[in-house]
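[1] After the sequence you'll find the predicted model.
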Amino acid sequence: MHVALVGNPNSGKSSVFNLLTGSNVFTSNYPGTSTEVVRTELKMGNRFVNIYDTPGIFSIFADNQEAETYRDLLQNLHLELLIHVIDASNLERHLVLTAELLELKYPLLIVINQIDRAREMGIHINAVELERLTSSPVVLLSSTSGEGMEDILDIIKKSLANKTISAGNEPGKAENSRLSCQGCTGDCHSCGIKVETTTTPADISRASWAKKTAELVSYRISPANKRRLAYVENLLNRPIFGTGVLLLLAYLGFWLLLHFIGWSETTVNMVLQPLSSSLENFITSILSPGLIATVLSRAVPEGLIIPFTIIMPAMLMVSLLMALLEDTGLLPRYTVALERVGSLVGVSGQAVIPLSLGFGCRTPAVLATRILPGEGQRFITITLLSIVIPCAATLGIMAMVVAHFHASLFVLVFSMLAVLLILGYILKHLIPLEESFIYELPPLRIPVAANLWHKIKIRFAGFFTEVLPLLLIMSIAVRALIESGLLEKVREIESFTQLVFGIPAEAFTAVLITIFQRYLAPLVLLNLNLSPREATIAITMVALSLPCLPVMVMTVREMGFKSLLKILAMGFATSFTIGIILNLLLPS
Amino acid sequence: MKSTAMKPGQKGKVKSISKGSKAERKMFEMGIIPGVEIELLSCYPFKGPLLFNVGQMQIALGRGMAEAVDVEILP
């Protein structure tokens, strides 16, 4: 049996999916989190139910990737039940999709989600009346408290037993052919033609049905005291003041991040330092002296200390800050406030979301570019992410290199900003921005601690499974490279790298190592004896080079191999150009 | 008049939208269609986006989009 969730973006499908399956789909307070279909098997009695979480859509007939994904799902699967999730506080708008689904005669279960918040806002919904008007079962759900969950499971069970759950909408009688009405001019009044054209009479009639239905089934008591959140929302909506507050919050976030990293570095170091030296002694004692012993005894403690002192705190703090931004609904407000800034580098306001996600980890950021309008926009954003935006892990180690060699932070930051603007400017002219900025601001919410914790856990999970092993392996490889004297061979091109980039040949290999994992390159640098000038050039070249391996994989998945090649070429070009320019400009 | 000429706090009724089918479709999905009442909440400087109240929702429209929305000011 197949059951799919369907609903507008931000209606809470993923929360419902999580409640049903207990799995770890991200739920966020900004549109576009679930960008692809997620399937989970749910065991009910002795049968399995396939549950599909889907991207949010406003209309089945919309001309975008999400709606297309959805149409494919509807056409390829024999869906016995659609769980249609509606945000209780936006009934009128969400009911337009309901109208479409009802016309397509799918068996529906209508879930009115976030009923608790709607009640808080003074909105009351008459479920019985809505049931009557739609001839479908209606459940009021609070995914935070779990109210209504039992009813949903009951209805799935009933349709599992193949009972008719809604009048006229028997399972299996869905009229798939209606998804692609051939030759319709848009006025047949029943189908929605796959519109690239504007709104059809059918659309308009659905909208008016939605308006009427919403009026019939919901009423609102205006609360006497204006709620505090609405007050804050109004303050944030003021262009200058609001933007100021948002920027201040962002600054506080970064301040907190840096101080947390600094503080935990000392603390974790204090704990780990004795451990690492005993680990080093242990390895030397069990292995016979030689190259392997030297490599392992140094690489293993290194490979453990760096992730724990820098990457772990950064990942924790970034996860917390991102979760806060998402769950409060502040993130989309940055999008609007920074729309102009985005357009400077040729990206739309929405791109601020993936770009800022990139400061945490660029891998999910690449995925998040799906919320952008158009392929061109996505390409620009992924390019900027790959080449310019430093992730939390990179930031930590970059700071370490800068401190270790007294390299110039100013040159580094200035170069990155300059590259961001110049690269953005070039890309903007190659791929012009389609002017269609339209964005929905979700209401501000007080984040739920359990939700925050859940997200931090998921985001952080990769630390032990991916970051730690990878870093350990790579640091052994890098150590081996250093100890084996292979790097000495690179000295042969010393005169070349010194002439062109003004850095030693070994530092140049660090730049090349970015291909494997960007945050490993500085590791190589730390083991070299560099002057501040050399370190500045080398770290800037590293900072502005290639995406890390996971990002490359994601890019191929999202945009294709050709796009990755373009991005890699641009990365090399950028890195080498900036090296040459700095070598010419910086006083020796 | 264009919705960009509205002042924050003013309410208007959408008369027509002329921005090509794709953009119009997007606005439709967000609930901006002829006949609907919108209220300008704020207007970002440097030709930034405009923030409207549409029904229960806050919708931000880029300047280019907002210029295509023709409104009739409501008292």
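    Everything's here; your move. Residues are numbered from 1 along each chain as shown, chains lettered A, B, ... in the order given.
[2] Now do the strands in the stretch 301-450 of chain A.
    All strands of the stretch 301-450 of chain A, identified by DSSP state E, counting those that start in this stretch, fall at A:438-441.
[3] what does it have sitting close to chain B?
    A:335-337, A:339-340, A:348-349, A:435-441, A:443 (C-beta under 8 Å from any C-beta of the partner chain). C-beta: built from backbone N, CA, C; applies to glycine.
[4] run the last query once more with 7 Å
    Within the stretch 301-450 of chain A, the residues that sit near chain B (C-beta under 7 Å from any C-beta of the partner chain) are A:V336, A:E339, A:R340, A:G349, A:E435, A:S436, A:F437, A:I438, A:Y439, A:E440, A:L441.
[5] Going through the residues you listed, which ones are buried?
    Among those, those classed as buried by 16 or more other C-beta atoms under 10 Å in any protein chain shown are A:V336, A:E339, A:R340, A:G349, A:E435, A:S436, A:F437, A:I438, A:Y439, A:E440, A:L441.
[6] will you turn those residues into TSV that also has pLDDT?
    Output for these, formatted as TSV (pLDDT from 0 to 100):
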residue	pLDDT
A:V336	85
A:E339	81
A:R340	80
A:G349	69
A:E435	61
A:S436	71
A:F437	77
A:I438	82
A:Y439	79
A:E440	80
A:L441	83
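[7] From those, pick the one nearest chain B.
    Distance to chain B across these (C-beta to the nearest C-beta) is lowest for A:F437, with 2.8 Å.
[8] Let me see the contact set for the closest residue to chain B within the stretch 451-588 of chain A.
    Residue of the stretch 451-588 of chain A nearest chain B, by C-beta to the nearest C-beta: A:M559 (21.3 Å). For A:M559, the contacting residues are A:R378, A:F379, A:I382, by C-beta atoms under 7 Å, 6 or more residues apart in numbering or on different chains.
[9] From the residues you listed, pick the one nearest A:I292.
    Ranked by distance to A:I292 (C-beta to C-beta), these are led by A:I382 at 40.3 Å.
[10] hang on, the closest one packs against A:T555?
    Yes. A:I382 is within contact range of A:T555, at 5.8 Å (criterion: C-beta atoms under 7 Å).
[11] what do the two both touch?
    Common contact partners of A:I382 and A:T555 (C-beta under 7 Å, 6+ apart): A:V366, A:I567.
[12] and chain A, what are its domains?
    A:2-220, A:239-438+A:448-585 (automatic domain parsing).
[13] pLDDT averaged over the first one, what's the number?
    Per-residue pLDDT values across domain A:2-220 average out to 73.
[14] circling back: now the contacts of A:M559 as CSV including pLDDT?
    Formatted as CSV, the contacts of A:M559 follow (pLDDT from 0 to 100):
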residue, pLDDT
A:R378, 87
A:F379, 91
A:I382, 92
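[15] Setting aside sequence neighbours, what's the nearest residue to residue 40?
    Because you didn't say which chain, this covers chain A. Counting by C-beta to C-beta, 6 or more residues apart in numbering or on different chains, A:T21 is the residue found nearest to A:T40 once chain neighbours are left out, at 4.2 Å.
[16] that's the wrong chain, I wanted chain B
    B:M6 (4.3 Å).
[17] Relative to B:A23, how far out is that neighbour?
    B:M6 sits at a distance of 19 Å from B:A23 (criterion: C-beta to C-beta, to the nearest Å).
[18] A:I539 and A:V411 touch, don't they?
    No. Counting by C-beta under 7 Å, A:I539 sits too far from A:V411 to count as a contact (9.3 Å).
[19] higher neighbour count, the two?
    A:I539 (32 against 19; other C-beta atoms under 10 Å in any protein chain shown).
[20] residues contacting that one?
    A:M398, A:V401, A:V402, A:A407, A:L412, A:P522, A:L525 are the contacts of A:I539 under C-beta under 7 Å, 6+ apart.
[21] Can you say which of the residues you listed are buried?
    Burial by neighbour count, judged by 16+ other C-beta under 10 Å, picks out A:M398, A:V401, A:V402, A:A407, A:L412, A:P522, A:L525 from those.
[22] Relative to chain B, which of those residues is nearest.
    Chain B lies nearest to A:L412 out of the buried ones among the contacts of A:I539, by C-beta to the nearest C-beta, at 28.6 Å.
[23] Identify the residue nearest the closest one in space, chain neighbours excluded?
    Using C-beta to C-beta, 6+ apart and skipping the chain neighbours, the partner closest in space to A:L412 is A:T540 (5.2 Å).
[24] chain center to the helix or strand hosting that neighbour: distance?
    Assigned by DSSP states H and E, A:T540 belongs to helix A:532-543. Chain-centre distance of helix A:532-543: 30 Å, with C-alpha atoms, centre = their mean, to the nearest Å.
[25] What are the buried residues along it?
    Across helix A:532-543, burial judged by 16+ other C-beta under 10 Å covers A:R533, A:E534, A:A535, A:T536, A:I537, A:A538, A:I539, A:T540, A:M541, A:V542, A:A543.
[26] Arrange those residues in JSON lines, one row each, with pLDDT as further columns.
    Shown next, in JSON lines, are the buried residues of helix A:532-543 (pLDDT from 0 to 100):
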{"residue": "A:R533", "pLDDT": "91"}
{"residue": "A:E534", "pLDDT": "89"}
{"residue": "A:A535", "pLDDT": "88"}
{"residue": "A:T536", "pLDDT": "91"}
{"residue": "A:I537", "pLDDT": "91"}
{"residue": "A:A538", "pLDDT": "88"}
{"residue": "A:I539", "pLDDT": "87"}
{"residue": "A:T540", "pLDDT": "90"}
{"residue": "A:M541", "pLDDT": "88"}
{"residue": "A:V542", "pLDDT": "85"}
{"residue": "A:A543", "pLDDT": "85"}
